[in-house]
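Peer 1: only geometry, no sequence info:
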């Protein structure tokens, strides 16, 4: 299974010593004619709408935001070119350190809790003989609930008063009410629990699909060799899912690095910045100042985050290239 | 790339383009009338509010058959306002708080209305402190101040009674507030006292409570620069007060992430004994949050050590992009909808009647935006239609003109309020919060914002 996209740097370097331009010209013209005769123009005509849509709605905002990261602008008055000032300001903001630590904390917690859980559930569900569809539907249900509704629902659960839903349940076991979102110590884990609940369904479906593709002969062979359920899991299932697991891991790292919805809706980054994440900080740069925001600093930080995540992904694929492909 | 996604994207693009094209025709309704998009209520107002607005809309359109009023839900919040402004989705007439008007007009983000105001003939009737909020260095005016308020102490009369306190004798000092809060929490199990803590409102109300103890949070150096002075004894006393209510008396309940909307909701639901907020919030409490009028009480915020009461208000303005025709219509609307009821007996009576007929609040305590004489006169005109329980607000109505009014600090107001949110959150969620260290740090952070 080869899910890994080859990074650009792994391709052979473009020829610096290509044939001289003069000798290349006739070949190119012939190629062009062949291309037109082969229906190239039609292909282009079919591609054009998508290229235009992507250009206008996807790539031009990206280019614009790169330009904006070097400007002071509130999108209303004329932008002013400020060079790398935005980057310097962002990097010297004491909140950046807080946001990075918080984001890492969220990512690590989400990894510990959120990464193995869907896999375990998927393996358990794949073993179920009857009612598999029902379990899949139940597992996927949280994904269907609009995220904002889910957060509002969990806010009710997390109500810190003794008659809040979770606190009432804890009360049955004699555990005192917890402050959940109201304390710096419990706020972040509370967000992670909700985020895991909300996202697990999607991962479960992917793992279930991958589990189906594991050849049954491997299990049969393992059984013949006397392997129990754990050994089958360890020696057959996990190695077979290796490619999917690697992809899911990097996707999760990228997703958790960009966590925004939960801290924004649950706590607004509080209490006292305990759940301020990098994306929330970007949002604050852009929108906290009611008079137009500092979009330059917001895009500067976004750009740095994007580059960091790009490098991380590249490095990850580089390092795991050998393991993730058979 | 496989097609479903690109089809979806192309579909979205097509919808966006159709939307953009239809937006081009905005400003001209089908029947040739000029379409004027005006801010109405925050999302969630009840049907009666919309009925009252519909009646006023009809009255205006009868007087101005060439204008079609389109009421849009609108709520000023610091974060969304910036997006609306940048995205061009603001109504043609909307309101901004005093805090933001100065910077907006300095950035050329508001429409100049000096000539129109002079033509209307009441430019010089405004309270001078208030009109200065929308006047630039050249004396040009950029909006119509339409409503002013002072902060007050709102209290729940039912909870006072349940706790054995006299709702007609609300607390007059901060110590009495603490005592009452403790009693309410002990006797009723509800939060005796609460304060806002998120979305910049924590900073706003910390500022209100510190000012009442004599704080000055910022120094205007007179040359366009400001010095942060949040770290002072009065701010410290306020934070210690909140800390003691929270941790020593346990009288602030369990929710410490309240903002303007959620604290109103909790108060209207009878879960909070007292809190500080603008004196004009009664309308929202009853209309949008369903509070029983009989439960409501309002008095002045206790002041000590030469402290004053922080006020505010808002201004009816237009985006700078309006064409002349729409601007003229917008001025007509602002004059008719917001201003005439303050100036003209017939308009004041008609407005009060329309509101009262749809069960909307008439007589919510506000402060004069025009001169005091005009204000008193207007209060007389609408007296027969007053339907808010003013006898439950006597503490405020009788006391407010004896208090010293204080304006919000001018430099980086909202971003510094955001920083101050953290102070409030820290003392309410960490028992061992180091108030001195937090205060020391905030002056550094606020000054960095002021020096930008």
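Peer 2: Perfect, I can see it now. Just so you know, these numbers come straight off a predicted model, no measurement behind them. Numbering: from 1, shown residues only, chains lettered A, B, ... in the order given.
Peer 1: just give me the neighbour total for the closest residue to chain A within the stretch 151-300 of chain B.
Peer 2: Per C-beta to the nearest C-beta, residue B:254 is where the stretch 151-300 of chain B lies closest to chain A, at 3.9 Å. C-betas here are computed from N, CA, C, even on glycine. Using other C-beta atoms under 10 Å in any protein chain shown, residue B:254 has 18 other residues around it.
Peer 1: doesn't it lie inside a helix?
Peer 2: No: according to DSSP: H, G, I helix; E, B strand; the rest coil, the state of residue B:254 is coil, so it is not within a helix.
Peer 1: list the contacts of it.
Peer 2: Residue B:254 sits next to A:159-162, A:164, A:177, A:179, A:182, B:191 when contact means C-beta atoms under 8 Å, 6 or more residues apart in numbering or on different chains.
Peer 1: type out the PyMOL command that picks the buried ones from those.
Peer 2: Command for PyMOL, covering only those of the contacts of residue B:254 found buried under the criterion 16 or more other C-beta atoms under 10 Å in any protein chain shown:
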select buried, (chain A and resi 159+160+161+164+177+179+182) or (chain B and resi 191)
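Peer 1: chain B contacts on chain A?
Peer 2: Contact residues (C-beta under 8 Å from any C-beta of the partner chain) of chain A with chain B: A:49-50, A:53-54, A:56-57, A:74-77, A:89, A:94, A:159-162, A:164, A:177, A:179, A:181-184, A:267-268, A:270-273, A:283-284, A:286-293, A:295.
Peer 1: show the buried residues in those residues.
Peer 2: Applying 16+ other C-beta under 10 Å to these flags A:50, A:53-54, A:74-76, A:89, A:159-161, A:164, A:177, A:179, A:181-184, A:267-268, A:270-273, A:283-284, A:286-293, A:295 as buried.
Peer 1: which of those fall within helices?
Peer 2: A:50, A:53-54, A:89, A:184, A:283-284, A:286-287, A:295 (DSSP state H).
Peer 1: where in chain A is pLDDT low?
Peer 2: In the predicted model of chain A, residues A:1-29, A:289-293, A:323-326 satisfy pLDDT under 70.
Peer 1: what residues does the residue nearest the centre of it make contact with?
Peer 2: The centroid of chain A falls nearest to residue A:255 when counting by C-alpha atoms, centre = their mean (2.3 Å). By C-beta under 8 Å, 6+ apart, the contact set of residue A:255 is residue A:199.
Peer 1: again, 7 Å this time
Peer 2: For residue A:255, no residue meets the contact criterion (C-beta atoms under 7 Å, 6 or more residues apart in numbering or on different chains).
Peer 1: and residue B:98, by the same measure?
Peer 2: Residue B:98 neighbours (C-beta under 7 Å, 6+ apart): B:133, B:312-315, B:408.
Peer 1: around chain A, pick out the residues from chain B.
Peer 2: B:6, B:9-10, B:13, B:78-79, B:81-83, B:85-86, B:100, B:103-104, B:107-109, B:198-199, B:253-257, B:414-415, B:418, B:421-422, B:425-426, B:429-430 (C-beta under 7 Å from any C-beta of the partner chain).
Peer 1: and those, which are buried?
Peer 2: B:6, B:9-10, B:13, B:78-79, B:81-82, B:85-86, B:100, B:103-104, B:109, B:198-199, B:253-257, B:414-415, B:418, B:421-422, B:425-426, B:429-430.
Peer 1: buried set for stretch B:351-358?
Peer 2: Buried residues in stretch B:351-358 (16+ other C-beta under 10 Å): B:351-352, B:354-356, B:358.
Peer 1: can you give me the strands in the chain?
Peer 2: Picking chain A for this. A:71-72, A:80-81 (DSSP state E).
Peer 1: wrong one, I was asking about chain B
Peer 2: Under DSSP E, chain B gives strands at B:34-39, B:67-72, B:94-97, B:144-156, B:191-193, B:218-220, B:226-228, B:272-278, B:296-300, B:309-317, B:405-406.
Peer 1: pick the most deeply packed of these.
Peer 2: Ranked by mean neighbour count, these are led by strand B:191-193 with a mean of 28 (mean count of other C-beta atoms under 10 Å in any protein chain shown).
Peer 1: can you list the strands that it pairs with?
Peer 2: Applying DSSP bridges, strand B:191-193 is found paired with strand B:272-278 (parallel).
Peer 1: possible to save the strands of chain A as JSON lines with mean neighbour count?
Peer 2: Below are the strands of chain A laid out as JSON lines (neighbours: other C-beta atoms under 10 Å in any protein chain shown):
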{"stretch": "strand A:71-72", "mean neighbour count": "18"}
{"stretch": "strand A:80-81", "mean neighbour count": "10"}
